[in-house]
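Peer 1: Sequence and predicted structure below; questions after.
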Amino acid sequence: MERYESEPIRLYDLMNEFAVHCPKCQGRAIVSVGQVFDFKNAMLKCTACHFSEAGKDRMRYIVSSKAKCRHCLEWLVMDIAERKSIPKYVNVTCGNCNTLNRISENWESYQLKYNPSGILDPAFGLPLWYSGSVKGEIIWAYNQKHLLEIENYVRATLRERTTDRFKMTMVEKLPDFIKSAKNRDEVLKALDRMKNKL
């Protein structure tokens, strides 16, 4: 009988590194995040083609407020394209009176993602390297440590809950199909395929 014993790990404890598919060669790449949720300072490095990119290079800025024409006081159509940096001002022509208005409004930042949805890393929006399926359900892991933690939990026939009732651990939040004893063999096979993926 295998017993699962581990320090309580929350999912965000594993969010400092993400194994992903490289956007250039589809090989294995690593996204490193210095501090949890600090995705703008993330770094992408491909282990296959050596492509690299900084999260801050994918930052974009858009106007986040409205403005009125200085001459006729009509609302201006703020059809301003996203920028890589915040300009001191932009010129916007009023659609009502054709007055040229110099606007230096509030700008909102966001990080340009490679993909808008799917099983992705939160920094660059790249597909996770460790993903697979079991009976039509998706199984994934951010990195090798995450994968091994899931594997240890699934392999165990005796699983002890954390004593900290205020914090749910990563394994307690796993979907039921992963935790189910009847799926144990299939889940372990899927995890093994993911672990040995080249």
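Peer 2: Thanks, I have the structure now.

Peer 1: And the strands in the protein?
Peer 2: Counting by DSSP state E, the segments of the chain that form strands are 3-4, 17-21, 28-32, 43-46, 52-54, 59-63, 90-93, 100-103, 107-111, 130-134, 137-141, 158-159.

Peer 1: what about the last one, distance to the chain center?
Peer 2: Looking back up the chat, that one is strand 158-159. Distance, stretch centre to chain centre, for strand 158-159: 31 Å (Cα atoms, centre = their mean, to the nearest Å).

Peer 1: What residues of stretch 188-196 count as buried?
Peer 2: The neighbour-count check on stretch 188-196 (16 or more other Cβ atoms under 10 Å) flags Ala190, Leu191, Met194 as buried. All C-beta atoms are positioned from the backbone trio N, CA, C, and that covers glycine.

Peer 1: Let me fix that, I meant to ask about stretch 102-121.
Peer 2: Residues of stretch 102-121 classed as buried: Ile103, Glu105, Trp107, Gln111, Lys113, Tyr114, Leu120, Asp121 (neighbour count, 16+ other Cβ under 10 Å).

Peer 1: pLDDT-wise, what's the bottom of the residues you listed?
Peer 2: Scanning the buried residues of stretch 102-121 for pLDDT, the low point is Glu105. It has 72.

Peer 1: and the gap between it and Ala67?
Peer 2: Per Cβ to Cβ, to the nearest Å, Glu105 is found 6 Å from Ala67.

Peer 1: what touches both of the two?
Peer 2: Among the neighbours of Glu105, those also in contact with Ala67 (Cβ atoms under 8 Å, 6 or more residues apart in numbering) are Met78.

Peer 1: re earlier: between the strands of the chain, which one is closest to Leu174.
Peer 2: Checking these against Leu174 by Cβ to Cβ gives strand 137-141 as the closest, at 9.2 Å.

Peer 1: Any buried residues in that closest one, and which?
Peer 2: Ile139, Trp140, Ala141.

Peer 1: re earlier: make TSV out of the buried residues of stretch 188-196 and add distance to Tyr89 and pLDDT.
Peer 2: Conversion of those to TSV gives the following (distance: Cβ to Cβ, whole Å; pLDDT from 0 to 100):
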residue	distance to Tyr89	pLDDT
Ala190	55	95
Leu191	54	95
Met194	51	94
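
Peer 1: export those to CSV and tack on distance to Thr169?
Peer 2: Below are the buried residues of stretch 188-196 laid out as CSV (distance: Cβ to Cβ, whole Å):
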residue, distance to Thr169
Ala190, 21
Leu191, 18
Met194, 21
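
Peer 1: Which ones among the residues you listed map onto helices?
Peer 2: Here DSSP state H is the test, and those give Ala190, Leu191, Met194 as lying in helices.

Peer 1: how about the helices of the chain, start to end?
Peer 2: Using DSSP H, helices in the chain cover 144-155, 176-179, 184-195.

Peer 1: so which of those comes closest to Phe37?
Peer 2: helix 144-155 (16.3 Å).

Peer 1: What is that closest one packed up against?
Peer 2: Here helix 144-155 touches strand 3-4, strand 130-134, strand 137-141, helix 176-179, helix 184-195, going by 3 or more Cβ pairs under 8 Å, 6 or more residues apart in numbering; DSSP states H and E.
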